[in-house]
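**Q** build me a structure from this.
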Amino acid sequence: MKWCGALAALAAAGLMLVQTPCEAAVEEPDAASGREITVDLNAPARPRDRMALHSVGADYPGVTGRDDALAQLRIVRDELGFDYIRFHAIFHDDMGVYREVDGRPVYDFSRIDRLYDRFLEMGIRPFIELGFTPHDMRTSDQTLFYWQGNTSHPDPEKWEGLIDAFVRHLIARYGAEEVRRWYFEFWNEPNLDGFWENADQAAYFDHYALTVRTIKAINPALRVGGPSTAGAAWVPELLAYAEANDLPVDFITTHTYGVAGGFLDEFGHDDNMLLTTPDSIIADVRNVRAQIEASHRPGLPLYFTEWSASYNPRDPVHDSHISASFILTKTRQAEGLAQNMSYWAFSDLFEEPGPQTLPFQGGFGLMNPQGVRKPAWFAYKYLNALGDQELEGGDDQTIITRDQRGVQVLAWIYEPPRDQDVSNRPYFGRVHPSPPAAPLVLRFEGLAPGDHAASVRRVGFRHNDAYTAWLEMGSPETLDESRLVELHDQTRDDPELMTVRADANGRAVLTLPMAVHDVILVELETAR
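**A** Coordinates of the predicted model:
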């Protein structure tokens, strides 16, 4: 099918489209001119892997617990469907969890309760990262980030008491059956000195042993894991230590990002460059999976509890329209190897480097501080719109699913930028039209003859692309009401509605224009 009238020309030019109902009949495009995908409704099916929607990251509870952040999280849960949320510093002194009076510990979990209650009311569960160090059990004054989380090694005896009291409190409040569905991950990136003083591996393993034994003594069915490292490190070492010391490890966690360089940029001062190798991200996933399978505990679940295009909290690649196709490519590659790829993070209400001062400043979030959805948002929205059964067919940048509504096709084109010869900040700080690509040709088979309602949604250059719109506004430092409305209008995700007509043999062909970095979601009703 060709887009109605002048819409094809507009789409090829990368312009926003006026949504108009169209009719598509069977036609035979030139196979050499398009990327052909066969969508056979009678093809074998399997349960769809939802690991990309398992968890999402957030800032520490002093920010995530605010009303503005919780309001955004509710939208995230409703539209994107993440099951768990993970963040640093649940024991930050802002939460008032631990203090000493006359040398005796005093525990207060009321602020955590209020936060967890809000999560559960939304339908999202905690993926608990255990840390950082409360003031009264610190062993040094080392802190990290704008909100100054203490990252010294906690006093072991006091830490054991806190973990015991915390876990018993959770079970008493939420019930053992519920808490068994949560995860307990010990610390964050202990292989970096900033997060764990001196990056002391031996001290980390000792504290892991203390933590896991304390939790398992309360309820052996509770899930505990680590090492939560930067750069996919320390996995064989943790598993060897666990074997030598008869310690439980219920799952492995680690992190990976898609840029070259270091692992921690506390205040976003550095400037990185997107890796061009097709093995970025997935090389770490494969490597850690291989390490697990070579260990004495093959088959352990693997959770990448942080990942994105860049670990820099001020990297404009996070805002760019290329991020949607990047996310889909990397999560698709990781299916079957990892049980979770937790995107870091859900919102630019994120103050590790300090509060964001511009509407778009390269923050980690899927949504900017004013609640404008970035292109990356729509990668997860479209994944969440897919059916629960995946059909065989397609290529490595296509997912075909079905459910009681019909059939869904998610297709995209990712490649590293063809002309990036500078680092991310100057490169993605400019408007970058996407190069044209071959059209997407969907050949449907197994349809009932006759008419079928269809919708097409799209993210890419100038499609659900608030960042490009902001750049073209002149990158205003603040958004007045009219500009904010304009950016929200750019991200309404209105579908292109059409009718697809199948012939007597149940066949139909749908042809859609594509550009590099485009993502398209086609939803076709299969009932006549």
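**Q** now Phe428: closest residue in space that isn't a chain neighbour?
**A** Nearest-residue entry for Phe428: Pro316, 3.8 Å, with adjacent residues in sequence omitted and distances by Cβ to Cβ, 6 or more residues apart in numbering. (Each C-beta comes from the backbone N, C-alpha and C, glycine too.)
**Q** Arg458 too?
**A** Distance criterion Cβ to Cβ, 6+ apart; nearest residue to Arg458, sequence neighbours excluded, is Ile520 at 5.3 Å.
**Q** what's across from that neighbour in the sheet?
**A** Ala411, Arg458 (DSSP bridges).
**Q** where in this structure is pLDDT low?
**A** 1-32, 528 (pLDDT under 70).
**Q** state the distance from the nearest residue to Ala502 once chain neighbours are set aside to Ser55.
**A** Spatial nearest neighbour of Ala502, excluding adjacent residues (Cβ to Cβ, 6+ apart): Leu447 at 3.9 Å. For Leu447, the distance to Ser55 (Cβ to Cβ, to the nearest Å) stands at 37 Å.
**Q** which parts of the stretch 1-150 of the chain are helices?
**A** Along the stretch 1-150 of the chain, counting by DSSP state H, counting those that start in this stretch, helices occupy 7-12, 61-64, 67-80, 110-122.
**Q** tell me what the longest one is packed against?
**A** Other helices and strands packing on helix 67-80, by 3 or more Cβ pairs under 8 Å, 6 or more residues apart in numbering; DSSP states H and E, are helix 61-64, helix 110-122, helix 375-385.
**Q** again, only using 6 Å
**A** If contacts are counted by 3 or more Cβ pairs under 6 Å, 6 or more residues apart in numbering; DSSP states H and E, helix 67-80 sits against helix 110-122, helix 375-385.
**Q** list the buried residues of stretch 469-485.
**A** 469-471, 479, 483 (16 or more other Cβ atoms under 10 Å).
**Q** oh sorry, the question was meant for stretch 373-392
**A** By neighbour count with 16+ other Cβ under 10 Å, stretch 373-392 contains the buried residues 373-383, 385-387, 390-391.
**Q** next step: the buried residues of stretch 469-485 restricted to helices.
**A** Those of these mapping onto helices are 469-471, 483, per DSSP state H.
**Q** pick out the most distant pair among those residues.
**A** Within these, Leu471 and Arg483 form the most distant pair, 12.6 Å apart (Cβ to Cβ).
**Q** tell me which of the buried residues of stretch 469-485 is nearest to Gly261?
**A** Set against Gly261, the nearest of those by Cβ to Cβ is Leu471 (24.9 Å).
**Q** what's near enough to touch the closest one?
**A** By Cβ atoms under 6 Å, 6 or more residues apart in numbering, the residues touching Leu471 are Val431.
**Q** what do you get if the cut-off is 10 Å, keeping everything else the same?
**A** For Leu471, the contact set (Cβ atoms under 10 Å, 6 or more residues apart in numbering) comprises 316, 319-320, 360, 428-432, 465.
**Q** what number of residues lie near Glu486?
**A** 15 (other Cβ atoms under 10 Å).
**Q** any idea how far it lies from Gly474?
**A** With Cβ to Cβ as the criterion, Glu486 and Gly474 are 13 Å apart.
**Q** returning to what we had before: mind listing what the residue nearest to Ala502 touches?
**A** So Leu447 contacts 39-41, 406-407, 500-503, 505-508, 524-528 (Cβ under 10 Å, 6+ apart).
**Q** on that earlier part again, the contacts of Leu471 into CSV, with extra columns for neighbour count, secondary structure and distance to Gly194?
**A** Shown next, in CSV, are the contacts of Leu471 (neighbours: other Cβ atoms under 10 Å; DSSP: H, G, I helix; E, B strand; the rest coil; distance: Cβ to Cβ, whole Å):
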residue, neighbour count, secondary structure, distance to Gly194
Pro316, 23, helix, 24
Asp319, 28, coil, 25
Ser320, 29, coil, 27
Phe360, 26, coil, 26
Phe428, 27, helix, 26
Gly429, 16, coil, 27
Arg430, 10, coil, 32
Val431, 14, coil, 35
His432, 19, coil, 33
Asp465, 29, coil, 34
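**Q** which of the residues you listed sits closest to Val285?
**A** Using Cβ to Cβ, those come closest to Val285 at Ser320, 22.8 Å.
**Q** from memory the closest one sits against Pro375, does it?
**A** Yes: counting by Cβ atoms under 10 Å, Ser320 touches Pro375, with 6.9 Å between them.
**Q** shared neighbours of the two, which are they?
**A** 326, 461, 465, 467-468, 517.
**Q** may I ask which two of those residues are separated the most?
**A** Distances among the shared contacts of Ser320 and Pro375 were taken as Cβ to Cβ; the most separated pair is Phe326 and Thr468, at 15.8 Å.
**Q** more neighbours: which of these two?
**A** Neighbour comparison, Phe326 and Thr468: the larger count goes to Phe326, with 25 against 22 (by other Cβ under 10 Å).
**Q** before we move on, which element is that one in?
**A** Assigned by DSSP states H and E, Phe326 belongs to helix 322-334.
**Q** what is the orientation angle of that helix with helix 375-385?
**A** Comparing the axes of helix 322-334 and helix 375-385 via axes from the mean of the first three to the mean of the last three Cα atoms, to 10 degrees yields an angle of 40 degrees.
**Q** after helix 322-334, next one along is what?
**A** Remark: after helix 322-334, the chain's next helix or strand is strand 340-343, criterion DSSP H and E.
**Q** tell me how far that following strand lies from the chain's centre.
**A** 5 Å (Cα atoms, centre = their mean, to the nearest Å).
**Q** who does it touch, helix- and strand-wise?
**A** strand 55-57, strand 84-86, strand 251-257, strand 302-308, helix 322-334, helix 375-385 (3 or more Cβ pairs under 10 Å, 6 or more residues apart in numbering; DSSP states H and E).
**Q** export the ones you listed to TSV and tack on distance to Trp182?
**A** TSV is the format used below for the helices and strands packed on strand 340-343 (distance: least, Cβ to Cβ, whole Å):
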stretch	distance to Trp182
strand 55-57	11
strand 84-86	8
strand 251-257	12
strand 302-308	13
helix 322-334	23
helix 375-385	22
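**Q** could you give the number of residues near Phe350?
**A** Applying other Cβ under 10 Å, we find 25 residues neighbouring Phe350.
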